[in-house]
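Asker: just the structure for this:
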Amino acid sequence: MIRRTLLTLAAAVAAAGALAACGPGANKAADASGPLIVGATAVPHAEILEHIKPLLAAEGVNIEIKVFNDYVQPNTQLAERRLDVNYFQTKPYLDEFNASRGSDLITVAGVHVEPLGAYSRRYKSLAELPQGAQVAVPNDASSIGRSLILLQKAGLVRLKDPANPLQSLRDIVDNPKGLRFRELESATLPRVLDQVDMAVINTNYALDAGLKPKTDALTLEGADSPYVNYVVARPDNRDDPRIVALAAMLRSEAVRDFIAAKYDGAVIPAA
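Answerer: I've put the predicted structure just below:
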């Protein structure tokens, strides 16, 4: 199926390229002759990509996986054409990045959800959190909004607009425990877990640090979380047949089975 898709799309892209060869965007055409360079964070994205690498190679699509430990560089390098595509982020994060950086990166396909969780080395339950507890949260706009929505659902804070995915600390209208917040880069949150009362940690970094979301989190998003992780490309290469094949493979039954077996509910295939 993927081989037929590749052949059909390759012909379509070639035809479109011929028509556009004299146009102003001709120099933006993707080079489909080499490996597809994919940016990803280590867990689970790069692990999933490594799993499908030989499957894609058997279909004539070779991928080169470039691993990042932050959320900014994979988008920056994609916009600068040092990557062909990336796979690590939610749409609210992408929207905020595009708005703040003036980029126009686009989603290609939703692959999985990583339920966000709050963790503590000092306390076994949310009820044990003391008055004035120090809580570390991610400092990017989409992740802090997501964190605050999680804490509101847990009954720890009340927000001005519970549905707004881009909440900030200024949107807290009730904080019964007087929680004190520290905004830190997402990648550093597992490393400060011993220094704070609780930290809200993105699942990719939690897994990378050896945490088990289903058993270690004091509160965790449900499987209905809208924060799907996407394959992201540029407008000029979104129809590259290699990217289409990558997206199809990531949404295949084989990958759904791999995710279910490997991550035990910490990563959930997207609907």
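
Asker: name the nearest residue to residue 85, ignoring sequence neighbours.
Answerer: residue 233 (4.8 Å; Cβ to Cβ, 6 or more residues apart in numbering). C-beta: built from backbone N, CA, C; applies to glycine.

Asker: now do stretch 126-138: distance to the chain's middle.
Answerer: 25 Å (Cα atoms, centre = their mean, to the nearest Å).

Asker: show me the strands in this structure, by range?
Answerer: Taking DSSP state E, the strands of the chain run over residues 36-41, 63-68, 85-90, 106-113, 117-119, 134-138, 158-159, 172-174, 180-184, 198-201, 219-220, 228-233, 268-269.

Asker: those helices in the stretch 151-271 of the chain, which residues are they?
Answerer: In the stretch 151-271 of the chain, the helices defined using DSSP state H, counting those that start in this stretch lie at 203-208, 213-216, 241-250, 253-263.

Asker: make JSON lines from those and add distance to residue 98 and mean pLDDT to it.
Answerer: Conversion of the helices of the stretch 151-271 of the chain to JSON lines gives the following (distance: least, Cβ to Cβ, whole Å; pLDDT from 0 to 100):
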{"stretch": "helix 203-208", "distance to residue 98": "21", "mean pLDDT": "93"}
{"stretch": "helix 213-216", "distance to residue 98": "28", "mean pLDDT": "94"}
{"stretch": "helix 241-250", "distance to residue 98": "18", "mean pLDDT": "98"}
{"stretch": "helix 253-263", "distance to residue 98": "27", "mean pLDDT": "95"}
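
Asker: distance to residue 56 added to the ones you listed, as a markdown table?
Answerer: Shown next, in a markdown table, are the helices of the stretch 151-271 of the chain (distance: least, Cβ to Cβ, whole Å):
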| stretch | distance to residue 56 |
| --- | --- |
| helix 203-208 | 22 |
| helix 213-216 | 28 |
| helix 241-250 | 6 |
| helix 253-263 | 11 |
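
Asker: what is the least confident helix or strand in the chain?
Answerer: helix 2-20 (a mean of 38; mean pLDDT, DSSP states H and E).

Asker: can you report how many residues neighbour residue 218?
Answerer: By other Cβ atoms under 10 Å, the residues close to residue 218 number 18.

Asker: return the most buried member of the strands of the chain.
Answerer: Mean neighbour counts were taken over these using mean count of other Cβ atoms under 10 Å, and the top value, a mean of 28, falls to strand 198-201.

Asker: can you show me the CA trace of that strand as PDB?
Answerer: What follows is strand 198-201, C-alpha atoms only, in PDB (Å, rounded to 0.1, in the frame of the first residue of the first chain):
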ATOM      1  CA  MET A 198       6.000  18.900  42.800                       C
ATOM      2  CA  ALA A 199       6.800  19.300  39.100                       C
ATOM      3  CA  VAL A 200       4.500  19.100  36.000                       C
ATOM      4  CA  ILE A 201       6.500  17.200  33.400                       C
END
